[in-house]
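>>> Sequence first, predicted model second:
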Amino acid sequence: MGRHLSATFACGAVALAAGLTGGCSTTNTDLGADGKLVVAVAFYPIEDIVRAVGGDQVHIITVVPPGEDAHEYEPTPKQVTRLEQADVMFYLGGGFQPSVEQALGVLPNHVTIIDLTAPLRHLQLGEGNDPHVWMDPANMQRMAQQVLAVLAEQDSVRVDTFNRRASAYIESLDGLDHEFRAGLARCTTTALVTGHEAFGYLAHAYGLTQVPISGISPGAEPSAKALEQVATSVREDHVRTVFFEQNLPPDLARTVADETGAATSALNTLETLSRDELSAGLDYVRAMRANLSALRAGLGCA
Ligand SMILES: [Zn+2]
């Protein structure tokens, strides 16, 4: 934050030298002119972490707007210019958001760019890694630790606040993890039939098996043969509910459900939250808790 802090001080010094009162009045509308860190995040789950750890002691710029597809989103030139104001930029590497990663390549040197997936253990998916790491609360905790370390390093004045807030957040994720463990311990079926392949980490953490209808990205259209395979596994595993994703059209899930007589139910991938969800105060822990309710009902859990 050195850049912003010194800008503020310099401005104050000029005001003092000129004998002005009333502090430093400036037309500079730059974020961070108040000495708080400007933290850019690639998409929603990282926003949740930074908001939890930084609170109102940081400014947050989120690249993927509410309701947009995080996988395919292309930052606008205006957004890229805005990112130049950031002190830190957090993202998930590994090809999850190719256009965002590309935009990071043109950011100036003063922006510290951090790939939060670096220390995480990845699940393998086809040829590459499954990018949906945030669907396991334990990974959210690991990423929160990293965010804390970076914020603390960049703004030593607010370290105590960051520490306190991060501890509370990590504790709430612990609680969520326990709820999932208890809530999914005894279910009629462990086959989790979903829209796109976003729930691998959740399934892995809590003993479920993901049966995705679509591929790794919501944009990937499944073949008729792939749809038929899913329908077969729905019948064989006595699946009662086909899950679809909150922010995507439920067509594919409906097709499979209609063909097999299963019901449909919505899950939130948290890849993006809609404006309505955000203004209703939804956040990671609340959305995951809603996911747990839907899973318990759909999988017939005791
Ligand atoms: Zn996804």
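Perfect, thanks for sending it.

>>> Can you give me the domain assignment for this structure?
1-31, 32-180, 183-298 (automatic domain parsing).

>>> what ranges do the helices span in the stretch 101-250 of the chain?
137-154, 159-183, 200-205, 224-236 (DSSP state H, counting those that start in this stretch).

>>> Summarise which helices and strands the first one is packed against.
Counting contacts by 3 or more Cβ pairs under 8 Å, 6 or more residues apart in numbering; DSSP states H and E, the secondary-structure elements packed against helix 137-154 are strand 37-41, helix 44-54, strand 88-91, strand 112-115, helix 159-183, helix 200-205. Yep, even glycine has a C-beta here, placed from its N, CA and C like the rest.

>>> And for V80, nearest residue in space, chain neighbours not counted?
A103 (5.1 Å; Cβ to Cβ, 6 or more residues apart in numbering).

>>> so that neighbour makes contact with L83?
Yes. Counting by Cβ atoms under 8 Å, A103 touches L83, with 7.0 Å between them.

>>> List the residues that are in contact with both of these two.
V63, P75 (Cβ atoms under 8 Å, 6 or more residues apart in numbering).

>>> re earlier: what's near enough to touch the residue nearest to V80?
Residues in contact with A103 (Cβ under 8 Å, 6+ apart) are V63, P75, Q79, V80, L83.

>>> Out of those residues, flag the one nearest to L282.
Distance ranking of these against L282, using Cβ to Cβ, places V63 first at 19.2 Å.

>>> Near the closest one, how many other residues are there?
28 (other Cβ atoms under 10 Å).

>>> Settle this for me: Y44 is touching S274, isn't it.
No. Here Y44 does not reach S274: they are 10.3 Å apart, not a contact under Cβ under 8 Å.

>>> who's more crowded, the two?
Y44 (25 against 15).

>>> for A152, what are its contacts?
Counting by Cβ under 8 Å, 6+ apart, A152 has contacts V159, F162, N163.

>>> Just give the number of residues close to the last one.
Residues within reach of N163, counting by other Cβ under 10 Å, total 14.

>>> ok, it to P131 distance?
29 Å (Cβ to Cβ, to the nearest Å).

>>> Please list all residues in contact with the residue nearest the centre of the chain.
The C-alpha lying nearest the average C-alpha coordinate of the chain belongs to P45 (Cα atoms, centre = their mean; 1.9 Å). Going by Cβ under 8 Å, 6+ apart, P45 touches W134, M140, L270, E271, Y284.

>>> If we use 7 Å, what do you get?
For P45, the contact set (Cβ atoms under 7 Å, 6 or more residues apart in numbering) comprises W134, M140, L270, Y284.

>>> does the third one sit in a helix, a strand or a coil?
Going back to what we said before, that points to L270. Three-state call for L270 (DSSP: H, G, I helix; E, B strand; the rest coil): coil.

>>> Roughly how far does it sit from D283?
9 Å.

>>> Between the two, which is the more surrounded one?
More crowded of L270 and D283, by other Cβ under 10 Å: L270, with 26 against 19.

>>> hang on, the more buried one packs against V285?
No. Between L270 and V285 there is no contact, the gap being 10.5 Å when judged by Cβ atoms under 7 Å.

>>> Next one: A118 from S274, what distance?
From A118 to S274 the distance is 30 Å (Cβ to Cβ).

>>> Can you give me the pLDDT of V230?
With respect to pLDDT, V230 scores 87.

>>> To clarify, my last question referred to R158.
97.

>>> burial measure for it, as a count.
Using other Cβ under 10 Å: R158 sits among 20 other residues.

>>> same check, this time on the one 4 residues further on
Residues near F162, counting by other Cβ under 10 Å, number 24.

>>> swap in L125?
Other residues near L125 number 16, with proximity taken as other Cβ under 10 Å.

>>> my read: it touches A198, true?
No. Using Cβ under 7 Å as the test, L125 is too far from A198 to be in contact (10.7 Å).

>>> Please name the residues that touch the nearest residue in space to L208 that is not next to it in sequence.
In this structure, L208 finds its nearest non-sequential neighbour in L192, 4.5 Å apart by Cβ to Cβ, 6+ apart. For L192, the contacting residues are F199, A203, L208, T209, Q210, V211, F243, by Cβ under 7 Å, 6+ apart.

>>> quick one: contacts for the closest residue to G298 other than its chain neighbours?
With sequence-adjacent residues excluded and distances taken as Cβ to Cβ, 6+ apart, G298 is closest to T241, at 3.2 Å. Counting by Cβ under 7 Å, 6+ apart, T241 makes contact with A262, A263, T264, S265, G298.
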